[in-house]
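Engineer: got a predicted structure here, sequence first:
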Protein chains: 4
Amino acid sequence: MKRIGMLTSGGDCQALNAAMRGVVKTLYASGEEVEIYGFLDGYRGLIYSKFRMLTGKDFSGILTKGGTMLGTSRTPFKTINDPDENGLNKVEAMKQNYYKLQLDCLVILGGNGTHKTANLLREQGLNIVTLPKTIDNDLWGTDMTFGFQSAVNIATDAIDCIHTTAASHGRVFIVEVMGHKVGWLTLNAGMAGGADIILLPEIPYDIDKVIEKIEERDKRGSRFTIIAVAEGAISKEDAALSKKEYKKKMEKYPYPSVSYEVAAAIQKKTGREVRVTVPGHMQRGGSPCPYDRVFASRLGAEAGRLILEGQYGFMVGYKNREIVKVPLEDVAGKLKMVEPGATIVQEAKLLGISFGD
Amino acid sequence: MKRIGMLTSGGDCQALNAAMRGVVKTLYASGEEVEIYGFLDGYRGLIYSKFRMLTGKDFSGILTKGGTMLGTSRTPFKTINDPDENGLNKVEAMKQNYYKLQLDCLVILGGNGTHKTANLLREQGLNIVTLPKTIDNDLWGTDMTFGFQSAVNIATDAIDCIHTTAASHGRVFIVEVMGHKVGWLTLNAGMAGGADIILLPEIPYDIDKVIEKIEERDKRGSRFTIIAVAEGAISKEDAALSKKEYKKKMEKYPYPSVSYEVAAAIQKKTGREVRVTVPGHMQRGGSPCPYDRVFASRLGAEAGRLILEGQYGFMVGYKNREIVKVPLEDVAGKLKMVEPGATIVQEAKLLGISFGD
Amino acid sequence: MKRIGMLTSGGDCQALNAAMRGVVKTLYASGEEVEIYGFLDGYRGLIYSKFRMLTGKDFSGILTKGGTMLGTSRTPFKTINDPDENGLNKVEAMKQNYYKLQLDCLVILGGNGTHKTANLLREQGLNIVTLPKTIDNDLWGTDMTFGFQSAVNIATDAIDCIHTTAASHGRVFIVEVMGHKVGWLTLNAGMAGGADIILLPEIPYDIDKVIEKIEERDKRGSRFTIIAVAEGAISKEDAALSKKEYKKKMEKYPYPSVSYEVAAAIQKKTGREVRVTVPGHMQRGGSPCPYDRVFASRLGAEAGRLILEGQYGFMVGYKNREIVKVPLEDVAGKLKMVEPGATIVQEAKLLGISFGD
Amino acid sequence: MKRIGMLTSGGDCQALNAAMRGVVKTLYASGEEVEIYGFLDGYRGLIYSKFRMLTGKDFSGILTKGGTMLGTSRTPFKTINDPDENGLNKVEAMKQNYYKLQLDCLVILGGNGTHKTANLLREQGLNIVTLPKTIDNDLWGTDMTFGFQSAVNIATDAIDCIHTTAASHGRVFIVEVMGHKVGWLTLNAGMAGGADIILLPEIPYDIDKVIEKIEERDKRGSRFTIIAVAEGAISKEDAALSKKEYKKKMEKYPYPSVSYEVAAAIQKKTGREVRVTVPGHMQRGGSPCPYDRVFASRLGAEAGRLILEGQYGFMVGYKNREIVKVPLEDVAGKLKMVEPGATIVQEAKLLGISFGD
């Protein structure tokens, strides 16, 4: 008999349900008796002992469903050790609930922040297996995270739509793509959508280089320019500031986001009409794409296998086309970023894409 | 021998190419010799005599392509009689170019603004046939405009995506839908996407009624609420202002758009987390949906038929499932709005949707 | 207190769930107490008293789901009066179950066959309200049925996909489209997909005219031809046969379907490579398109309103953009077909499409 | 100055245009003068010297377009050395045309058959660079081919659509997936679509095991079963036959394809209603998915880089997330198949999928 707790934490994404289905199908198929405790709304459910008992029926038909059947929330790692408003020690509460329910293992699906807390729980002696979820694809220790490819599809759809309207009106169009401080999503959607300029957090941009590219296109007879801007993109000037200086500057930042800053600069310097589109949370939603469904199912199956074998303390990752197990202490607190000199960036440049650098 | 000028004006939308293809295929198939002059970038092309001669080959493969192969621009009707910066009389210039090229007819694809200018040219003695293009579906004299259904699809996709993420996080989500001062697009996308609240320009909202609905859902155990807000939605207070008062208020308007105003009000009054998504120009772009392709092709074919019969001065419209010709003087300057008591609004209310009224 | 039975019968299609949700939301919103009995697998559930009590929760989240939550089956009208294998009188059984459950009304969602049985039950004194469901759009008394536009989308997608491969290989491609003996689906998908030839049941084809069109395209430099063939398409020779002769001929029919017959004839007479694609049951499946979601919801809401008002014996239909109630006796046993001289057919011909006639 | 020939050969697929665009953009961006000769309809264009000079404009807007702008054909490798019907030695003709046009290199996009001929031309002294194109993903020397992921998407869409109709009717449904003699496409689409049974060429099936799974599902209350069958699937009996015996058996094979054989067997042994859907050539068509667009663009860019460096005789492949160059002699004549014991197959089994073995 195995008692398994499960929770999804952080921003939601596609294929969370598919991954959980993978874990549970594998456990059930093993023949061993299994009880699944689904904690609601991320770590909050574990802290306050809010859960649902899940059965096979709960996992039927959810392979293709976006979102997470368990709900999720962002529980900031920084304050995880602080007591809550009623004085409750949250880490202690999670441990107590884990032991009270006599869990054999806790399966945690999440991204960077989630993994820090997962590793903390592991250090506290809990049996943990994690699955790499994020549209940002920035988790260290795995080549790929689920949600990423689905988000690339939605962001690319946005650029595709904008393409026809940009061409019709002869405008500069900016599409702002998610990804926090990391550029994978923007880089891939930008290349897939045929963006002319791509601005990434990892490659600070020079607005004059951006304008140069627009004008070069103009001379060649291309009436419009598409710019894919990562929500975390940053100018060379801002990247050169100290943290303190930057924070101070941001206090009076007049734009809703960096895309509007880029748009304003282009408009000011060239007089062109620039439009900004922000697909935003759409990028986390909708049915997972086939790639993510297969990928999340495979990771889930391998997580199930680890649990059956009693191997704990790992994230199930993907390296060189093999499913691998990565020690949690190696994952927590690291980011996988786009190297400015990476092959894919070089190739994008060969294709004529400017990074404004 | 027929000499036909063609132009697309105003904001672009889906199926403009399909409609033009319909006109031209019909003219060619008639056996009559035809010359097609495609004016570039809307009325501007006619004013400054910028055009391309178009042949059958130009219309091959464009049925499924978004945007407009001729380019478009917004040439404000209000100033159409004013001379341009070089003193050129724009109306006179259009007439001269029309006669210089010995055109038999000018085919104009556009929405409300476009039709005012089209009617002006008709009054000046030019032969005009128009086609009703707009994602807003607000043109008087036709039950439907092409572009509308494609835009409904994109806006609904946005709500579908947001649905999974709203449900996962238990949040209030606002999706801002296009449509200028008219609510058709928001009403249809909202109903298709299962929005709980729909705010339209034609039905001013009371923010307390909006909040009431959110809290009623809460009590029933629905953790999230989706609100579809038309970009032209307006509160009861603002709707009660005089034009002058409203204009004054708008001068200091602190929000990027009405959705953010609604979001701020909900956040302030309830403490809830509200997120706003603005698919924006995506709604005009991408491949036309099958409905629009068929519809625009049919309208185009009928426009071709009118031209062959020498019937000018009409918009080709759609009434009670019949293609009809509507005199341009009847179309120009009118808007087709959502009646607050319309059957579809009543039905939406039967389905439990709140309009905040 | 209202006791409502509900069932879906015949081939499934998109938006059945959306329509049922519309009925139920309206009934619940009325404030009246309501009990919903969902009969399983069409009339079979009513005959054998297999049902589920449905509550509001069952209707949450189903607006976008394809298929029918109640299951369906084809119960042939012709044998509805025959006793089943155990001697049970099926009509009598349905009546008894209706009265045993003290139903106020039975809501039936279905197409042609379904409506014959529905009308029979009405004649037997049961209170019936029906909703027009079919991808074929062949129901008499309504301009539109739900499922149709979603099926058009899928069939058009198929033609779109085939387009690129046909163009690359310079082949003749046939896409077989559903619709039974009626051509609406093929006509609309064919026009939307840019088919060069469309073969409909209502317009018997002459294979030599089909080949003529292919060769005409060839001469004009078009390397490929796309033919949309309705599954019920028929040649002029076959259409001229008596029912008996035709039946006899069909007994030795060597093809899986008419598309393969057309393909074989073209191949034989011209030596060209012809490929056939049959999307088949895909056309009934998947999430309903936004048009169908809105349309089915509206019809459902109006059905709910009729029930609340105690108006029975009607199909809720759609005429000239108004929701209407159509007496069941007028609907049953009639088909709405494509008139060979209909405006839309004329327009398709103006666009250069051949019907092989 | 570089003179580059380019051709696409074999069955078409998605992202061929994207890959060619990648090559050409890279060559142009290098600053070197370049002439691009696009041979039409595969090797045929090279044999009969049919080509178009291509310029930058030809490659604008084709990133998202399916098919191949150059056309393609299947020129069987087996007979490549045989003279054509006019006595022309085809290999010699290709060489002569290559030298006559003073080509520096020939870029060939194709799958298995194509690579055999490409290697032959290399052996004859021509400078060759190839790109791995096929929806089958069966090319040796690369982890991935472009077209594959787009085809997975379409096949999965088909299964998704079938899912709702299968569930509504309680039927067994077979979806036949492409892939020739290799199971990658079926395996991935089957897992993504939530198929219950997957039959692959590499894992011969036992029909009794297939039926066992259907009945097991039945007992658990699942009213329907979805089977993804590769077009090259084979039963254990047939796999045990000698080539000669198998060929003889196939001469009298009564089914259009293996799916119908499986359907007939299930129907016969269980009396169940089984339906077959064959999306067929749809799987090669339509716009490439974002994954394929990025992947093909990257491969194209690297091919451009090899050409600029004068490195010939390679296929540009993808290994362990790195772009690699693979000697043509290593690629030609080999297949990359699904290992019956591969991790992904094990994982599919953990998820409860039966392979009928």
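Structural biologist: It's in. Residues are numbered from 1 along each chain as shown, chains lettered A, B, ... in the order given.

Engineer: wait, doesn't residue A:130 sit right on residue A:118?
Structural biologist: Yes - taking contacts as Cβ atoms under 8 Å, residue A:130 lies within contact range of residue A:118: 5.1 Å. In this view, the C-beta of every residue, glycine as well, is placed from N, C-alpha and C.

Engineer: any residues in contact with both of these two?
Structural biologist: Both residue A:130 and residue A:118 are in contact with A:108, A:110, A:328, where contact means Cβ atoms under 8 Å, 6 or more residues apart in numbering or on different chains.

Engineer: show me which residues of the stretch 201-350 of chain A sit near chain D.
Structural biologist: Proximity of the stretch 201-350 of chain A to chain D (Cβ under 8 Å from any Cβ of the partner chain) is limited to residues A:289-291, A:293-294, A:297-298, A:300-302, A:304-305, A:320-323, A:343-344, A:347-348, A:350.

Engineer: can you select the buried ones from the shared contacts of residue A:130 and residue A:118 in PyMOL?
Structural biologist: Selection of buried members from the shared contacts of residue A:130 and residue A:118 for PyMOL, criterion 16 or more other Cβ atoms under 10 Å in any protein chain shown:
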select buried, chain A and resi 108+110+328
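
Engineer: mind putting the shared contacts of residue A:130 and residue A:118 in TSV, pLDDT, distance to residue B:242 and secondary structure included?
Structural biologist: What follows is these, written out as TSV (pLDDT from 0 to 100; distance: Cβ to Cβ, whole Å; DSSP: H, G, I helix; E, B strand; the rest coil):
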residue	pLDDT	distance to residue B:242	secondary structure
A:108	98	58	strand
A:110	97	53	strand
A:328	97	64	helix
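
Engineer: go through chain A and flag its longest helix.
Structural biologist: Longest helix in chain A by number of residues (criterion: DSSP state H): helix A:148-169.

Engineer: that helix near chain C at all?
Structural biologist: No - applying Cβ under 8 Å from any Cβ, one finds helix A:148-169 out of contact with chain C, separated by at least 14.5 Å.

Engineer: if we can go back for a sec, out of the residues of the stretch 201-350 of chain A next to chain D, list just those in strands.
Structural biologist: Counting by DSSP state E, the members of those that fall within strands are A:322-323.

Engineer: which members of the residues of the stretch 201-350 of chain A next to chain D occur in helices, if any?
Structural biologist: Short answer: these in helices (DSSP H) are A:290-291, A:293-294, A:297-298, A:300-302, A:304-305, A:343-344, A:347-348, A:350.

Engineer: let me see the mean pLDDT of stretch A:246-264.
Structural biologist: Averaged across stretch A:246-264, the pLDDT comes to 94.

Engineer: is there proximity between that stretch and chain B?
Structural biologist: Yes - with Cβ under 8 Å from any Cβ as the measure, stretch A:246-264 is seen reaching chain B through residue A:256.

Engineer: residues of that stretch that come out buried?
Structural biologist: A:257-263.

Engineer: wait, what's in contact with residue A:279?
Structural biologist: Counting by Cβ under 8 Å, 6+ apart, residue A:279 touches A:154-155, A:158, A:175-177, B:158, B:277, B:279, B:282.

Engineer: what's the closest of those residues to chain C?
Structural biologist: For these, the closest approach to chain C (Cβ to the nearest Cβ) belongs to residue B:158, at 11.1 Å.

Engineer: I'd assumed residue A:39 was in contact with residue A:5.
Structural biologist: Yes - using Cβ under 8 Å, residue A:5 makes contact with residue A:39 at a distance of 6.0 Å.

Engineer: any shared contact partners between those two?
Structural biologist: Common neighbours of residue A:5 and residue A:39 (Cβ under 8 Å, 6+ apart) are A:46, A:51.

Engineer: and these two? which has more neighbours close in?
Structural biologist: Set side by side, residue A:5 and residue A:39 show more neighbours around residue A:39, with 28 against 25, by other Cβ atoms under 10 Å in any protein chain shown.

Engineer: tally of neighbours for the closest residue to the more buried one other than its chain neighbours?
Structural biologist: Nearest residue to residue A:39, sequence neighbours excluded (Cβ to Cβ, 6 or more residues apart in numbering or on different chains): residue A:45, at 3.2 Å. Counted with other Cβ under 10 Å, the neighbours of residue A:45 add up to 26.
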